[in-house]
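Participant: Quick one, fold the following:
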Amino acid sequence: MKHRIILLLISIVLITKVRAQDCKPDSTKRERITTANIPNDYSCYIEMTRGWHKYYGSGALIHPRVIITAGHNLAYFPFVKRLPFFLFRGTRKVDLYFGSIDNKTFKAKTSLKLKKGENKFFKSAYWINSKINRDFSIIILPDSSLFKKVGGCYKSMPLKSDELLGADLHLTGSPGDKDLFEMWTQETKNFSIVDASLRYDLFTIVRNSGSPVWVKKDGAVRLAGVHSRGFTDCNGAVLINAETYDQVVEWCKKSGIVL
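Facilitator: Just a heads-up that it's a prediction; the model follows:
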């Protein structure tokens, strides 16, 4: 019996290795967005102020008053979370540019001061690799004026694994190896679902954090994930599954919003 268990475990390991996803992200497959289009109009280039420093990322409009992005874009840095200096404990202000082409061309812009629990929500332990499913956050806008300028938003509903079968997976965001305000996009069929995350061979770099990962489904642009980070070979996003969606719904309710 003991030997059978050992053989079974070895078989599982071998099968896992055979099925391991082969990712080779290629930066040359990206395309710069140079004209207004959907869903770039629904995507945003974000300038985040932490203390006296600026950081950069990406995000997506998923409701007339709700933006989703990576948790680490808005939350405190893990290595300073215990410091008493509130200025270093998270993003306190954001400048949002939707439909950005360059520093003079974009669809809409707004600036917000953020406060946790009021118009900024995120989960703890987002920085731990095994908890990539926690690396998402939302910003609540004061009204729908920005939405009216943008003209729409990503459709945000929980996705099941079988709904992604055979789909082209896209990522749109502002990569750190390109000029500020530039938005780039890429697509792939090489992706998998691992626990509550998406793993793909899409090329990402600093500033891609929070980039919307999306698919075209039933004539709509549906948000499939929120880009989080890179791993050994593949890059990964928080999957918009039922758990993620329910958390966003709960946060929205605190601001009187029905998602």
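Participant: Strands along the stretch 51-200 of the chain, start to end?
Facilitator: Shown for the stretch 51-200 of the chain, the strands assigned by DSSP state E, counting those that start in this stretch span residues 53-63, 66-69, 93-98, 108-113, 120-122, 137-140, 169-173, 184-188, 191-194, 197-200.
Participant: which regions of the stretch 101-250 of the chain lie under the pLDDT threshold?
Facilitator: For the stretch 101-250 of the chain, the stretches flagged by pLDDT under 70 are 125-130.
Participant: if we can go back for a sec, between the strands of the stretch 51-200 of the chain, which one is nearest to residue 161?
Facilitator: strand 191-194 (5.3 Å; CB to CB). (Glycine included, C-beta is placed from N, CA and C.)
Participant: Please give the element, helix or strand, for the spatially most central residue of the chain.
Facilitator: By CA atoms, centre = their mean, the chain has its centre lying nearest to residue 226, at 2.2 Å. Using DSSP states H and E, residue 226 falls within strand 220-230.
Participant: Tell me which residues are up against stretch 174-187.
Facilitator: 27, 29-33, 40, 43, 45, 56-58, 97, 100-103, 106, 168-173, 202-208, 211 (CB atoms under 8 Å, 6 or more residues apart in numbering).
Participant: Need the buried ones from those residues selected in PyMOL.
Facilitator: Buried members of the contacts of stretch 174-187, defined by 16 or more other CB atoms under 10 Å, are picked up in PyMOL with:
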select buried, resi 30+33+40+43+45+56+57+58+97+100+101+106+169+170+171+172+173+202+203+204+205+207+208+211
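Participant: buried set for stretch 147-158?
Facilitator: 147, 150, 153, 154, 155, 156.
Participant: list the contacts for the third one?
Facilitator: In other words, residue 153. For residue 153, the contact set (CB under 8 Å, 6+ apart) comprises 42, 60, 61, 62, 63, 64, 147.
Participant: Redo those residues as TSV? Include distance to residue 237.
Facilitator: Shown next, in TSV, are the contacts of residue 153 (distance: CB to CB, whole Å):
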residue	distance to residue 237
42	17
60	11
61	17
62	14
63	19
64	24
147	24
